[in-house]
Structure formats: structure tokens, C-alpha cells
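coords please:
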Amino acid sequence: MSRRLAALAAIVLLAVAAAGAVALAVASFPRGLLTVAFVAAGAILAWEGVLRRGPGRWVRLIAGVLLILAAIVALVWGGPVLGVLGVVVALLLSFAAAKTATIIHVHLPAAEPPKHAVLFWNPRSGGGKAERFNLPDEARKRGIEPIELKPGDDLDELVRSAIAGGADGLAMAGGDGSQAIVATHAAREGLPYACIPAGTRNHFALDLGVDREDVIGALDAFVGGGERLVDLAEVNGRVFVNNVSLGLYAEAVQQEGYRDAKLRTIFETIPSALGPESDLPPLRYDGPDGVERSSGAALLISNDAYRLGAVSTATRPRLDEGVLGIAVFGAGPPRPVSEWTEREFEVRCDRPVAAGIDGEALVLDPPLHFVSRPGVLRARIAPQHPGASPSAVLPDSPQGALGTLARIATGREVPVER
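Numbers count the residues shown, from 1 in each chain. Take a look at the predicted model:
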């Protein structure tokens, strides 16, 4: 019942916000036209500043920001400030209610617990999450052997030794790069695998349907958890669980100061990656129509497709479609982002290519050959966790999202992608 009420509240609040926005547009004419003009001019100047270096960069950026501020002043000065705030509040409340309404829990097929499960844990990941939650002791309580990843240790060798010693279930508490290493061995040996969300962002855990806030509860995947088969992907033989980025983000990850100042490093990398002085080699690939193209601002090749629309961004509704998601940013008109899927994909270049693989900086020799490995990983999920991605019930469009909310509000069944 709570989901139905939340869905109904989301629809009503969205309608209130839409009606309020129309009323404000009529009341503020022609102030609204002036606002649009200032925002457009400010955005153009700011983008030009982002792409360039030198003193002219800051002149453009400051001018762009001032124009956007002028647009805000033009909108609210002498206008219905409370009305604008009311529309914003209604939208925020609508989004919050929609999020509550679309929370799901999928009952996965029960699976036999492993007899000798091993947990590899990195005490440095996620700001020391594993130690804060006393993860090793909690693992022992569940009959899981904890193995600490110490400085200088080779995780790949630790996993090989554990398997040779009779491990019949593998879990990893750490970042997504470490998850990929353990998942590689689990898939190769046909062993069940559990993703413990003790990293910083835990993107793979999110899309698997693991509750990222319940680090200890994730261990129950090897106690009474269910199992689902999910995909992995490879680039030049290296497995990744999330994605490989090429272009802007990959160049930023290579910089020495990236870990300490991510946004500043990306901002400083933009001119060399995208601006008129760009010195990056062109990345060539075949588009969905088979015609060769060169890269835009950035390429993202993912293990199954991300949902990059406005409704539910940066998550994958499914991890079992057996495809690579390909997104080209800065692809040009008519769309700033071009998206499609392939089972295999190749990127060509005339020199080694900087890449961010599950957030880790590497340099790869071309050509870069990507391939999906469908259904090779036996992922275990704790019974109290969602068991599916947060975007599994949301279509990739505002109209589809409204339809889903309407189905929930009226008590009808909503199909779940997983």
C-alpha cells in the first residue's frame, strides 16, 4: 500500500508543479524570453571557457556565469518568488515519492551455501569501511574465511591460492577493480561470487541489486542468499565489471593529482582533450550503421548498457543481456550522446590509448577489442537485498516513467528487468 500511495503522491505533485510552471510562464511574459536569452548566451560563453586555456578562459567563464545570474535575477526580480520556490519544492517532493514507489525486491532462486567461502577484503577501500564495520569478525561468524589484502599483495595470486586450498565460494570487499579480479576467477572456476559493498562508490553492487548501505548484511549472500547469472566483459583479455572509458575521463584518470582532486583534474584536462588545442590521437570505431567514425568527447564501453536518460541515470537495468553498451559523448548533432549495443566492439588508434577500466588508469595497445561474456558469473545476493538494479522497473523516458507510476498507483503488476 505504501508504494501505491507514494506513486499517487508523485503523480499529483508532478501535476501541481506542471500547472504552477505554466501559470508562472504566463504571468512573467515577456520576462521569460529574456531569461532564456541570457541562459543561452551564458551557456555558450561558459562552454567556450571550459574548452580553452589561458586568460581568455576565465574571462569567458566569468562572463557566462554573470549572464546566467542575470537570467535568474530577470526571472525573480519583481516576480512571484514564492511561486518559483513552490514549483521547485513540488518537483523535488515528486521525485522523492517516485523513488520510494519504485523500490523493488526480487526473490531470487535459493542456492546452497558454499562449504568453504572465502572473503578477500581491502582495509583501505572506501575510507576503511571494512574495518569500521568489523567485517572480518562478521565473516567468521557466518563461516566465511577472511583474507586481508595487504600492501604489496597480489590479489590475483591470493585468489588462486584460496581456490587451490579448496575455496568453493569467493567474495570481495573492495573497489570495483578488485571485484573484477575476483569475479574473473569465480567465473572461470564456476564458483559462486558475492560482491560486498566496501568500496567508495560500489557501482557493480548497485546494479547487481546489493544494498550499498548494508555492508555486513551483504555477507548473508553466502548464508541464505539467492543466485542470478550475470555477464562480464573484456577488453584485450582483461575483464571488467562496469565500464571502460576512453577520451576525456580516461585522460584525467592518468593525471597524478586525480585521486585527491577529481573535479579540478577533469576541468584542467578538458582543453587538451576537447578544445581547439587538443593533442589526443583520434579514436576510430564503426558506428551502429557500420560506417567508420572518429571519437567525440569520450567513449564509454560498458558491461551491458547504462541508462543515460533523464529518468534514471548511470545505472544498468539489466546485467544479463549479453551485450556491450556503447555511448559516444560529444557525437555531434542531432544528439550530444549516441548510444547503441554490440556483442563485440573494436577501437582503433595509431598509438597506445589511455583508458579508465572500472576507474583504474591503464594504457592499452591498439586495437582495443571488447567482447561480452554472457551469463558467466554466478552472483549471490543476500535475501534481504533488492536483487535487481534500481532502474529495473523504470522505462528510459518521462512518459514511460509516468506510465509505471500509474501502474503502481492502481495496483497493477510492473515488469522488472534484471
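
okay, CA-based contacts and neighbour counts for the rest of this
Fine.

which stretches of the stretch 201-350 of the chain have low pLDDT?
In the predicted model, the stretch 201-350 of the chain carries pLDDT under 70 at residues 248-280, 296-297, 308-313, 330-336.

Which residue ranges of it form helices?
Secondary structure of the stretch 201-350 of the chain (DSSP state H, counting those that start in this stretch): helices at 203-208, 248-254, 262-274.

Report all helices and strands that the first one contacts.
Read that as helix 203-208. Packing partners of helix 203-208 (3 or more Cα pairs under 8 Å, 6 or more residues apart in numbering; DSSP states H and E): strand 192-196.

ok, residues contacting the strand it packs on?
For strand 192-196, the external contacting residues (Cα atoms under 8 Å, 6 or more residues apart in numbering) are 114, 168-174, 179, 183, 186, 204-205, 210, 215, 218-219, 221-222, 377-381.

Now do it, average pLDDT.
Strand 192-196 carries an average pLDDT of 98.

Just the buried residues of that strand, please?
By 16 or more other Cα atoms under 10 Å, the buried positions in strand 192-196 come out as 192, 193, 194, 195, 196.

so who does residue 340 touch?
So residue 340 contacts 288, 325, 326, 327 (Cα under 8 Å, 6+ apart).

how's the chain carved up into domains?
Domain ranges of the chain: 2-101+396-409, 117-224, 243-374, per automatic domain parsing.

Next, report how far the second one is displaced from the centre of its chain.
Average the C-alpha atoms of domain 117-224, do the same for its chain, and the two points are 20 Å apart (Cα atoms, centre = their mean, to the nearest Å).

Okay, and the beta partners of residue 234?
Note on residue 234: beta-bridge partners residue 239, residue 371, judged by DSSP bridges.

which ones are touching it?
So residue 234 contacts 240, 369, 370, 371, 372, 373 (Cα under 8 Å, 6+ apart).

Residue 355 versus the fifth one, what's the distance?
This points to residue 372. Distance, residue 372 to residue 355, by Cα to Cα, to the nearest Å: 18 Å.

Likewise for the last one?
Spatial separation of residue 373 from residue 355 under the definition Cα to Cα is 20 Å.

Could you do the second one as well?
Using Cα to Cα, we find residue 369 at a distance of 13 Å from residue 355.

Now do the helices in the stretch 1-150 of the chain.
Secondary structure of the stretch 1-150 of the chain (DSSP H, counting those that start in this stretch): helices at 2-27, 31-51, 55-76, 81-101, 129-132, 135-141.

Compare those helices and say which comes out lowest on pLDDT.
Mean pLDDT per stretch puts helix 31-51 lowest among the helices of the stretch 1-150 of the chain, at a mean of 63.

Name the nearest residue to residue 363, sequence neighbours excluded.
residue 354 (4.5 Å; Cα to Cα, 6 or more residues apart in numbering).

ok, the one you found touching residue 246?
Yes - the pair residue 354 and residue 246 qualifies as a contact (Cα atoms under 8 Å) at a distance of 6.6 Å.

Would you indicate which residues of stretch 343-358 are buried?
343, 345, 347, 348, 349, 353, 354, 355, 356, 357, 358.

farthest pair in these?
Farthest apart among the buried residues of stretch 343-358 by Cα to Cα are 343 and 354. That separation is 22.5 Å.

Tell me who's in contact with residue 224.
Applying Cα under 8 Å, 6+ apart, we find residue 224 in contact with 110, 111, 112, 113, 382, 383.

ok, the closest residue to the third one other than its chain neighbours to residue 170 distance?
Nearest residue to residue 112 in three dimensions, chain neighbours excluded: residue 224, at 7.8 Å (Cα to Cα, 6+ apart). When distances are taken as Cα to Cα, residue 224 and residue 170 turn out to be 15 Å apart.

Just give the closest residue to residue 383, not the sequence neighbours.
residue 225 (4.9 Å).

cool, residue 365 as well?
Of all residues not flanking residue 365 in the chain, residue 352 sits nearest, at 4.7 Å (Cα to Cα, 6+ apart).

Residue 223 now?
In this structure, residue 223 finds its nearest non-sequential neighbour in residue 113, 5.6 Å apart by Cα to Cα, 6+ apart.

and the gap between the one you found and residue 226?
Residue 113 sits 9 Å away from residue 226, going by Cα to Cα.
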